[in-house]
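S.K.: Structure here, sequence nowhere to be found:
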């Protein structure tokens, strides 16, 4: 990621994920989930063209991946 502001770093990651979506034949949409310290918890891209799931939107997939992670103590 870039060395800029944490928000820029997160956005840069989302854009990279979006490019992966396009490379796999999907809409160029990426999503990331970060915690309060701006640490990446998960990322995903829209898979509507490659999966038979109408809810396979980037943000839904990223949230599902975050929720499937083991719980961490804060």
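M.R.: All right, it came through fine. Everything numeric in this text was worked out from a predicted model, so none of it was measured.
S.K.: Just list the residues touching residue 34, thanks.
M.R.: 10, 40, 41 (C-beta atoms under 8 Å, 6 or more residues apart in numbering). C-beta coordinates here come from the backbone N, C-alpha and C atoms, glycine included.
S.K.: any idea where the helices of this structure begin and end?
M.R.: 6-23, 58-67 (DSSP state H).
S.K.: Just tell me which of the ones you listed ends up closest to residue 45.
M.R.: For residue 45, the closest of these is helix 6-23, at 3.4 Å, according to C-beta to C-beta.
S.K.: what's the closest one in contact with?
M.R.: Applying C-beta under 8 Å, 6+ apart, the external contacts of helix 6-23 come out as 1-3, 27-32, 34, 38, 40, 43-47, 58.
S.K.: For ChimeraX, what selects the buried ones among these?
M.R.: ChimeraX command restricting those to the buried ones, with burial defined by 16 or more other C-beta atoms under 10 Å:
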select :29,30,31,32,34,43,44,45,46,47,58
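S.K.: is the one residue sitting closest to the centre of the chain in a bridge, and if so with what?
M.R.: Nearest residue to the geometric centre of the chain (C-alpha atoms, centre = their mean): residue 43, 2.4 Å. Taking DSSP bridges, one obtains residue 32 as the residues bridged to residue 43.
S.K.: Name all residues that make contact with it.
M.R.: Residues near residue 43 by C-beta under 8 Å, 6+ apart: 13, 14, 17, 30, 31, 32, 33, 62, 65.
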